[in-house]
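Just the structure for this:
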Amino acid sequence: MKLAEFSPFFNCKLKNFLDELHISKPFKDVVSYTPLAGGKRLRAYLIWELSRYTGFGEENALKAGIAVELFHSGSLIHDDLPAIDNDTIRRGLPSSHIKFGESKAILAGDFLMLFPGRVFSSLDLETRYIHPILELWQETSLKVVEGEFDDVFPEDESREQMERIHAAKTGALFGFCFAAPFIREKREKIDEMYKLGVRFGKLYQMMDDIKDVISTESELGKTPGKDGKQNKLTILSFESLEEAQIEVKESFHSILGEIDSFTDLKKEMRDIYYLIARR
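A predicted model of the protein is given here:
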């Protein structure tokens with residue numbers, strides 16, 4: 001299934017999932033707003049596609065994809081708050097705190113980042129695999145939060161610091177998406193896929209850094225040029241735009257070579273690369 005086909009299919013499943021949450025309607029309205037506001041659904045798609053090669057199962061893949069998207073949405077809500085990135089637009093709509101107020105947005109973000117643990121514990125897996133996937137998720141989610149902290153409060157302005165931030169802030173969640181479908185495999189395979197996902201996530205973040213400079217608000221769905229104004233460490237802190245674009249392309253082809261055995265996914269990843277790069 002191509003990403004363009006998967007996204008509407010997944011969005012329907014996500015909406016149904018959120019509709020069935022056992023929380024009050026006022027809270028559900030806030031919780032559901034950002035997850036349903038859009039997004040490429042690339043993280044969920046990667047879990048779905050890689051699961052086809054592992055026997056992880058479609059239902060588990062959907063649940064895991066939903067959990068990851070919920071967490072990601074929660075992190076975006078917190079990112080946009082005035083105390084952090086202070087962005088009023090997300091996915092082309094008013095940010096959660098603009099729509100509902102800061103207090104409600106914070107609580108919705110908390111819920112969305114905590115709830116995935118319940119989802120992963122309910123997966124249809126043999127008991128001996130529940131603990132490993134929960135452990136993998138806990139490590140991942142904590143890395144994302146640590147990466148966000150370092151992004152806002154970097155220890156120094158070195159390229160190494162930027163690499164660490166990107167590996168945690170963006171790479172860790174992609175690492176989980178690459179690795180989770182292989183949770184029944186040996187630890188070496190899980191680690192291999194996790195590291196590959198982290199590399200893809202760092203590449204994705206570099207592409208996002210570039211788009212922040214060259215794209216418009218309507219193309220991004222958020223305010224462009226904020227990284228520079230906030231003195232964030234990005235690939236463009238160390239390389240010219242042209243150099244960064246070349247590095248991204250070379251890194252992408254290197255990753256493609258490592259997913260050679262996943263034939264269908266490799267072909268679709270080429271299209272995904274150009275989709276992301278031109279947005």
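
low-confidence ranges in the stretch 51-200 of the chain?
Within the stretch 51-200 of the chain, not a single segment meets pLDDT under 70.

Helices of that one, start to end?
Assigned by DSSP state H, counting those that start in this stretch, the stretch 51-200 of the chain shows helices spanning 58-80, 96-100, 102-114, 116-121, 127-152, 159-166, 172-179, 187-214.

Pull out the buried residues from the first one.
To tie it back to what came earlier, the one meant is helix 58-80. For helix 58-80, burial by neighbour count (16 or more other Cβ atoms under 10 Å) applies to 60-80. (C-beta placed from N, C-alpha, C; glycine too.)

how far off helix 172-179 does it point, in degrees?
In terms of direction (axes from the mean of the first three to the mean of the last three Cα atoms, to 10 degrees), helix 58-80 departs from helix 172-179 by 170 degrees.

With only the CA atoms kept, save helix 58-80 in PDB.
What follows is helix 58-80, C-alpha atoms only, in PDB (Å, rounded to 0.1, in the frame of the first residue of the first chain):
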ATOM      1  CA  GLU A  58      -2.100  -5.700  10.800                       C
ATOM      2  CA  GLU A  59      -4.100  -5.100  14.000                       C
ATOM      3  CA  ASN A  60      -0.900  -4.700  16.100                       C
ATOM      4  CA  ALA A  61       0.600  -2.500  13.400                       C
ATOM      5  CA  LEU A  62      -2.500  -0.200  13.400                       C
ATOM      6  CA  LYS A  63      -2.600   0.000  17.200                       C
ATOM      7  CA  ALA A  64       1.200   0.700  17.300                       C
ATOM      8  CA  GLY A  65       0.800   3.400  14.600                       C
ATOM      9  CA  ILE A  66      -2.000   5.000  16.400                       C
ATOM     10  CA  ALA A  67       0.000   5.100  19.700                       C
ATOM     11  CA  VAL A  68       3.000   6.700  18.000                       C
ATOM     12  CA  GLU A  69       0.800   9.300  16.300                       C
ATOM     13  CA  LEU A  70      -0.900  10.100  19.600                       C
ATOM     14  CA  PHE A  71       2.500  10.600  21.300                       C
ATOM     15  CA  HIS A  72       3.800  12.700  18.400                       C
ATOM     16  CA  SER A  73       0.700  14.900  18.500                       C
ATOM     17  CA  GLY A  74       1.100  15.400  22.200                       C
ATOM     18  CA  SER A  75       4.800  16.400  21.700                       C
ATOM     19  CA  LEU A  76       3.700  18.900  19.000                       C
ATOM     20  CA  ILE A  77       1.100  20.500  21.400                       C
ATOM     21  CA  HIS A  78       3.800  21.000  24.000                       C
ATOM     22  CA  ASP A  79       6.300  22.300  21.400                       C
ATOM     23  CA  ASP A  80       3.900  25.000  20.300                       C
END
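
Please convert the helices of the stretch 51-200 of the chain to JSON lines, extending it with distance to Thr234.
Shown next, in JSON lines, are the helices of the stretch 51-200 of the chain (distance: least, Cβ to Cβ, whole Å):
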{"stretch": "helix 58-80", "distance to Thr234": "15"}
{"stretch": "helix 96-100", "distance to Thr234": "24"}
{"stretch": "helix 102-114", "distance to Thr234": "24"}
{"stretch": "helix 116-121", "distance to Thr234": "28"}
{"stretch": "helix 127-152", "distance to Thr234": "10"}
{"stretch": "helix 159-166", "distance to Thr234": "7"}
{"stretch": "helix 172-179", "distance to Thr234": "17"}
{"stretch": "helix 187-214", "distance to Thr234": "4"}
